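Asks: Sequence first, predicted model second:
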Amino acid sequence: MSRFASPLHRLYEPGAYQTTELPSSFWADSVGTLPACQALSASGTLKTDIAIIGGGYTGLSAALHLAQSGRSVSVFEASRPGWGASGRNGGFCCLGGSMQSWAGLAKQFGNNASRQFAQHQLAAINLVDHRVSDWQADVDRHSDGEMVLAHKAGRVRDLHAEAHELAHFADIKSTFHTAESLQEQGMNAHGIAGGLHVKAGFGLHPFKYLAALHKACLAAGVQIFEQAEIQRIDDNGDTVTLTSDDCRIIAENAIIATNGYSAENLPGWLAGRLLPVISGILVTRPLNDSEWREQGWTSDMMAYDTRVLLHYFRKLPDGRFMFGGRGGLNATQEGQQKARATLIDEFHTMFPAWRDINITHHWNGLACLSQSLRPFVGQIPGHPRLWTSLAYHGNGVAMASYAGDLLARRITGDATAADVGPVMAVPPKRFPLAGLRRQYRWLAYAAYGFRDRFL
């Protein structure tokens, strides 16, 4: 029997993991009230076919498929569904999931595996598209694909290389734009030298989508427990036992769906394999027509730039502007105040006409990187009844939804590891000097910042 026990070991300061309330984000403030879920009994025993730790896109997507296949499913969320990255992200339902290029993945796994991963990414977008349509969910959908913006002239050739990979590995059409043609389309930002319109994906309100997924799970019979932190997992061989305070949950299989908010020792296999990174987002008040014209940004297409420490942004349907970026190094109050100030300064640099526009919301969350720079979907090595899906590298709206569904199909036997493909089925290794991840990430950020600015 294997036991993974409290206290839970996490990488950041406690402020990153407080679960008493939802983040003070625009998404949380504008989503409305989610249906109330059950409170877990303080003691006793609960039996279920599948126990899922985490109530975000991954956990709820897996729960929905499993419940629809006839399993009894219980989801345990330490706070409320949507508290983590699923309710904090930028709402880009787009290609992504890995920080490696398709050519780089092809070099490692072969062309067919890279193409298979590309098809998974397209299927992920289609899954969310079909859900929103089938559920008639109002998720503030907009944007015909996304625009990748070269943040300086030296990155323009990178866009042409990306267009070639999109066509070769994914059969995705894209269109190159000069700085002038971008301005004609209402996409004027300081320093932009060109853009590539990738014709896949769309923008949405991430919490409204989470609310629709939450509603579908409840309708399918999924039990969702809030304020139900799991502190221990006992892998008994024939069953899995989870412990939350004095309550025991006995299941045939368990899914770890906590992504960047995972504890290093729940289970211990996770230790050193993930690197959560802080990403911050700000949202302005609604802008009027003259303010949009003054900056020259009137398009509702979602966009991001070619920086390693990238910025991502879009005009929201109610006339607000959302701007996000990487860079925070710790979750202390002082550290987050510095990160907020830096993000605002970067926003003003790219969009100088909006320097005096009021910013109504700012929040942050953890995006999840793996040592392999790839997602992982599958059985936790050495534990045949423990499963996980995680590490979407900042592109989890589509990929987390799809990966959770794919993981459920692995558990029911409707999909094999070959169907998942090696890009996502091969487990990540541990980071070198894993205990120093945060320290050498600081050095990496300094190097990335120098590269973004000067190289």
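Replies: That came through fine. Numbering: from 1, shown residues only.
Asks: Might you report the residue contacts of the residue most central in space within the chain?
Replies: By Cα atoms, centre = their mean, the chain has its centre lying nearest to residue 396, at 3.0 Å. Residue 396 is in contact with 57-58, 85-86, 89, 97, 259, 367-368, counting by Cβ atoms under 8 Å, 6 or more residues apart in numbering. All C-beta spots, glycine's among them, are computed from the backbone N, C-alpha and C.
Asks: Can you add distance to residue 277, secondary structure and pLDDT and give the residues you listed back as a markdown table?
Replies: Putting the contacts of residue 396 into a markdown table (distance: Cβ to Cβ, whole Å; DSSP: H, G, I helix; E, B strand; the rest coil; pLDDT from 0 to 100) gives the following:
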| residue | distance to residue 277 | secondary structure | pLDDT |
| --- | --- | --- | --- |
| 57 | 18 | helix | 98 |
| 58 | 18 | helix | 98 |
| 85 | 11 | helix | 96 |
| 86 | 16 | helix | 97 |
| 89 | 13 | coil | 97 |
| 97 | 15 | coil | 97 |
| 259 | 12 | helix | 97 |
| 367 | 5 | strand | 96 |
| 368 | 8 | strand | 97 |
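Asks: Tabulate these in TSV, adding columns for neighbour count.
Replies: Converted to TSV, the contacts of residue 396 look like this (neighbours: other Cβ atoms under 10 Å):
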residue	neighbour count
57	34
58	32
85	26
86	30
89	27
97	27
259	28
367	22
368	23
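Asks: which two in the residues you listed are spaced the farthest apart?
Replies: Within the contacts of residue 396, 86 and 97 form the most distant pair, 14.9 Å apart (Cβ to Cβ).
Asks: which is the next helix or strand following the worst-scoring helix or strand of the chain on mean pLDDT?
Replies: Ranked by mean pLDDT, DSSP states H and E, the weakest helix or strand in the chain is strand 2-4, scoring a mean of 62. Counting by DSSP states H and E, the next helix or strand C-terminal to strand 2-4 is helix 26-30.
Asks: Tell me which residues of that next one come out buried.
Replies: 26-28, 30 (16 or more other Cβ atoms under 10 Å).
Asks: same question for the helix or strand just after it, mean pLDDT?
Replies: Downstream of helix 26-30, the next assigned helix or strand under DSSP H and E is strand 38-39. Regarding strand 38-39, the rounded mean pLDDT is 85.
Asks: Which SSE is immediately downstream of strand 38-39?
Replies: Taking DSSP H and E, what comes next after strand 38-39 is strand 43-53.
Asks: Just the buried positions in that following strand, please.
Replies: 46, 48-53.
Asks: Please apply the same query to stretch 180-200.
Replies: So stretch 180-200, judged by 16+ other Cβ under 10 Å, has buried residues 182, 186-189, 192-198, 200.
Asks: from the contacts of residue 396, which is closest to residue 379?
Replies: Nearest to residue 379 among those, with distances taken as Cβ to Cβ, is residue 58, at 15.2 Å.
Asks: I'd guessed that closest one sits against residue 403; true?
Replies: Yes: here residue 58 reaches residue 403: they are 6.2 Å apart, a contact under Cβ atoms under 8 Å.
Asks: any common contacting residues for the two?
Replies: residue 389.
Asks: would residue 281 count as being in a strand?
Replies: Yes: per DSSP: H, G, I helix; E, B strand; the rest coil, residue 281 lies within a strand segment.
Asks: Thanks again, I'm all set now.
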